[in-house]
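K.L.:
test case, fold it:
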Amino acid sequence: MYAWLLVLHILAAVAVIGSAFLAPIVRRSAQTAAQLRFVFNATATVALLSKIGAAMLILTGIWLMIIADTGFAQMWLNISILLSLILAATIGGFIEPHVKRLKRIASDSQGHELSAELRLAMRKLVPWETTAQLLALVVTVLMVVKPL
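P.N.:
Prediction:
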């Protein structure tokens, strides 16, 4: 049972972390408003899978803690949980509102080139996405190495 839960937990982590890493890279590659609109349409499904993965990650993580009887006794686990909560707050509180604004600006853009407003909005999103990527990286390292 533990092994199957661990596999589900890892697959859920791949869905969440993969989205956190790849969506910003793909979005930044857009050179025109049309390409950006396409990226938003393509990543909408990925975002849904990421949200399902996040729910699975939490459920399987709690279940693994119960089965292994670890509770909150391991520092690496506590730090991972805290950083995961910060990651979720960063995505939900900062990245998603910026992305919604980008989608609105992109849908209003008629020209072929990215407007100055769109480029500025994309640049404002970069620090939040970088923060999310770094948090996801640290959580992944903690989960694999379990150093503390």
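
K.L.:
show me the residue at the heart of this structure, geometrically.
P.N.:
residue 20 (3.1 Å; Cα atoms, centre = their mean).

K.L.:
element containing that residue, please.
P.N.:
Element membership for residue 20 (DSSP states H and E) is helix 2-28.

K.L.:
max-length helix in the chain?
P.N.:
Secondary structure of the chain read by DSSP state H shows that its longest helix is helix 33-68.

K.L.:
any buried residues in that one, and which?
P.N.:
For helix 33-68, burial by neighbour count (16 or more other Cβ atoms under 10 Å) applies to 33, 35-36, 39-40, 43, 46, 50, 53-54, 56-57, 60-61, 63-65. C-beta: built from backbone N, CA, C; applies to glycine.

K.L.:
before we move on, what about stretch 74-94?
P.N.:
77, 80, 81, 83, 84, 87, 90, 91, 94.

K.L.:
helix, strand or coil for the fourth one?
P.N.:
Following DSSP: H, G, I helix; E, B strand; the rest coil, the label given to residue 83 is helix.

K.L.:
contact partners for it?
P.N.:
135, 138, 139, 142 (Cβ atoms under 8 Å, 6 or more residues apart in numbering).
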